[in-house]
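> Take this sequence and fold it.
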Amino acid sequence: QVQLVEAGGGLVHTGDSLRLSCAASGHTIADYPLAWFRQAPQKEREFVATINWDSSRINYVNSVKGRFTISRDNAKEMMYLQMNNLKPEDTAVYFCAAEATWRSEPETSRWPYDYWGQGTQVTVSS
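Down below sits the predicted model:
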């Protein structure tokens, strides 16, 4: 079993930056596709970014391209999301996720992901 724990959320102003982290334990995630999702109040959980095992395949939802950067450190069993130029519409609970199936191109749908963190709140005030 993989346990995922997010950290780094908070309350910031428009234009500020935050760096989220996701720490894995219980089993190595070095081969797993990983992803960040977010869920705003009254909305469906949406994919934000995905990264494959060797960081050669990365995808972002259009609304964060150029502002967010996903990365991973397999040796440390960690994943990160650097968020720059934050906007009020980025306000949500952010979740990290791992899929226990090797694939070259990570899925952007939430359903294949087997393990989820508890989420970290990001609030961007205008």
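> and Gly10, how many neighbours?
Residues contacting Gly10 under the criterion other Cβ atoms under 10 Å number 13. In this view, the C-beta of every residue, glycine as well, is placed from N, C-alpha and C.
> Sorry, wrong one. I was asking about Gly8.
16.
> so it touches Ser17, yeah?
No: assessed by Cβ atoms under 8 Å, Gly8 is found out of contact with Ser17, at 10.6 Å.
> would Met79 count as being in a strand?
Yes: assessed by DSSP: H, G, I helix; E, B strand; the rest coil, Met79 belongs to a strand.
> partners of it in the sheet?
Following DSSP bridges, Met79 is listed with bridge partners Cys22, Arg72.
> what residues are up against the residue nearest the centre of the chain?
By Cα atoms, centre = their mean, the mean C-alpha position of the chain lies nearest to Trp36, the distance being 2.1 Å. Contact analysis of Trp36 by Cβ atoms under 8 Å, 6 or more residues apart in numbering lists 20, 22, 47-50, 70, 79, 81, 94-97.
> Filter those residues down to just the ones in helices.
Per DSSP state H, helices hold no members of the contacts of Trp36.
> Identify each buried residue in stretch 99-106, please.
Judged by neighbour count using 16 or more other Cβ atoms under 10 Å, the buried positions of stretch 99-106 are 99, 106.
> now what about that stretch, what contacts it?
With contact meaning Cβ under 8 Å, 6+ apart, stretch 99-106 is reached by 2, 31-35, 50-53, 57, 59, 107, 112-115.
> what about the strands in the chain?
3-7, 10-13, 18-25, 34-39, 46-51, 58-60, 68-73, 78-83, 92-98, 115-116, 120-125 (DSSP state E).
> ok, back up a step: can you tell me the closest non-neighbouring residue to the residue nearest to the centre of the chain?
Using Cβ to Cβ, 6 or more residues apart in numbering and skipping residues adjacent in sequence, the residue nearest Trp36 is Val48, 4.3 Å away.
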